[in-house]
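Novice: need coordinates for the following:
(one chain, ligands or ions: 1)
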Amino acid sequence: MRKVYVVGLGPGGSQYLTAEARRALEAAEVLCGYTVYVDLVAPLYPGKETYTTPMTQEIDRCRWALETANSGRTVAMVCSGDAGVYGMASPVLELAQDYPEVEVEVVAGITAALSGGAVLGAPLGLDFCVISLSDLLTPWEIIEKRLECAAAGDFAVCLYNPCSKKRRDHLRRACEILLRTRSGDTVCGWVKNIGREGQCCKVLTLSKLTEEELDMFTTVFIGSSKTQNLADRMVTPRGYEKA
Ligand code: SAH
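Specialist: Below you'll find the model as predicted:
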C-alpha cells in the first residue's frame, strides 16, 4: 500500500489524540514531522521509525513523506492541532499530484481555536473567524484587510500566530484595526501552551490586550459585541434567553 496519513495531534499531550489519529499512527511504519510533534507521539509507539525535520523545511518534509510512501512504506506525517488548519495537509495534497499512486488520508485533530476556546469558556458560540497574524506566507496588507472585514461583520475573532521574535507589534496593530469599530471594553482572552505543561490563560479587554506581550505558543480570542465576561469566563451567548 502506498499511503500517507496527515494527522492532527490536537494541542498537546496524548489525551487529545482522537481514536482516528491513534489508528493512523498505529498503521504507519514511519512517523515524520517537525521534531517537537514527533517527540510528543513517538514514546507511544516505541520502536517505530521516525524522521524529523526542522520547522522551516516543510516542503522537503512533504516530499520525503510522499517519496517514502511511493517506495511502499506507510507514513504518518504529524502536525499540531488540526492537520488542515495552518498545517501540512494542503502542501501534501498539492505535492501528491506528482505521486498518483500514493493515497493521502487527512485525519482531523482538535485545532487551537477549539481547545483554547474550551479553556476560556465559550468565546466562539456564534459566528467567528480565524486569522493568522503570520506574514511569512500572506502579505501584511491582506491580513489587515481580513481584520477589517471581520470587524465589519462583528465576528468573534480567533488569532493564530499572534507574534514571534521578528514580529513583535503584529498583535498591537491587529487590535488597533479592531478598535476602529469595536469598543475598548470588548471581552478578549488568550491561552498559552494549551494542553501542555505551563498552560495559562487570561480574560481581559481589547484595550488591555493591546499591551500584552505574547509568544507564538499563544492563541488569542477577541469577542464580538455580544461577548461577555462571566466570572472570568469568556462567553458569547447564543441568544436563547431572548428567544
Ligand atoms: N495546526 C495548528 C495551528 C498551527 S499555526 C492547529 O490547528 O492548532 C501555529 C499557531 O497555532 C500558534 O502560533 C498558536 O497561535 C496556535 N497554537 C497551536 N497549538 C497551540 C497550543 N498548544 N497552545 C496555544 N496556541 C497554539
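Novice: ok, and the closest non-adjacent residue to the residue of the chain found nearest the ligand?
Specialist: Going by C-beta to the nearest ligand atom, the ligand is nearest to G81 of the chain, at 1.9 Å. All C-beta atoms are positioned from the backbone trio N, CA, C, and that covers glycine. Setting aside the residues directly before and after it, G81 is nearest to T111 in space (C-beta to C-beta, 6 or more residues apart in numbering), at 4.3 Å.
Novice: list phi and psi for I59.
Specialist: phi -70, psi -40 (degrees, to the nearest 10).
Novice: per-residue confidence for E212?
Specialist: E212 is assigned 93 on the pLDDT scale.
Novice: that one touches L206, doesn't it?
Specialist: No - assessed by C-beta atoms under 8 Å, E212 is found out of contact with L206, at 10.8 Å.
Novice: before we move on, the earlier item: tell me what the residue of the chain closest to the ligand is bridged to.
Specialist: In this entry, G81 is beta-bridged to G10, by DSSP bridges.
Novice: that one and P43, how far apart?
Specialist: Here G81 is placed at a distance of 20 Å from P43 (C-beta to C-beta, to the nearest Å).
Novice: likewise for E144?
Specialist: 42 Å.
Novice: same deal with G12?
Specialist: Separation of G12 from P43 (C-beta to C-beta): 14 Å.
Novice: more crowded one of these two?
Specialist: For the pair G12 and P43, the greater number of neighbours falls to G12 (19 against 8), based on other C-beta atoms under 10 Å.
Novice: list the contacts for that one?
Specialist: Contact analysis of G12 by C-beta atoms under 8 Å, 6 or more residues apart in numbering lists 40, 115, 193-196, 199.
Novice: kindly supply the ChimeraX command isolating those of the residues you listed that are buried.
Specialist: To isolate the buried members of those in ChimeraX, using 16 or more other C-beta atoms under 10 Å:
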select :40,115,194,195,199
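Novice: for this protein, what spans make up the helices?
Specialist: In the chain, helices defined by DSSP state H lie at 19-27, 35-41, 58-70, 89-95, 112-120, 140-152, 170-179, 206-209, listed in chain order.
Novice: which of these sits most buried?
Specialist: Sort the helices of the chain by mean neighbour count, taking mean count of other C-beta atoms under 10 Å, and helix 112-120 sits at the top with a mean of 22.
Novice: show residues contacting it.
Specialist: Contacts of helix 112-120 (C-beta under 8 Å, 6+ apart): 10-12, 16, 80-81, 85, 123-124, 128, 130, 158, 160, 189, 191, 194-195, 199, 201, 203, 219, 221, 233-234.
Novice: again with stretch 142-152
Specialist: 129, 131-133, 135, 157, 173-174, 177-178, 180-182.
Novice: rerun at 10 Å
Specialist: Stretch 142-152 is contacted from outside by 127-135, 138-139, 155-159, 161, 170, 173-182, 222, 224, using C-beta atoms under 10 Å, 6 or more residues apart in numbering.
Novice: so P43 touches S14, yeah?
Specialist: Yes - counting by C-beta atoms under 10 Å, P43 touches S14, with 8.6 Å between them.
Novice: mind listing the shared neighbours of the two?
Specialist: With C-beta under 10 Å, 6+ apart, P43 and S14 have no common neighbours.
Novice: in the protein, where is pLDDT below threshold?
Specialist: Across the chain, residues meeting the criterion (pLDDT under 70) sit at 55, 243.
Novice: now do the contacts for L126.
Specialist: Per C-beta under 10 Å, 6+ apart, neighbours of L126: 154-156, 224, 226-227, 236-239.
Novice: could I have the buried ones of those as ChimeraX selection syntax?
Specialist: In ChimeraX, this line selects whichever of the contacts of L126 come out buried by 16+ other C-beta under 10 Å:
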select :155,156,224,226,227,236
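Novice: which of the contacts of L126 fall within strands?
Specialist: In this view, these that belong to strands under DSSP state E are A156.
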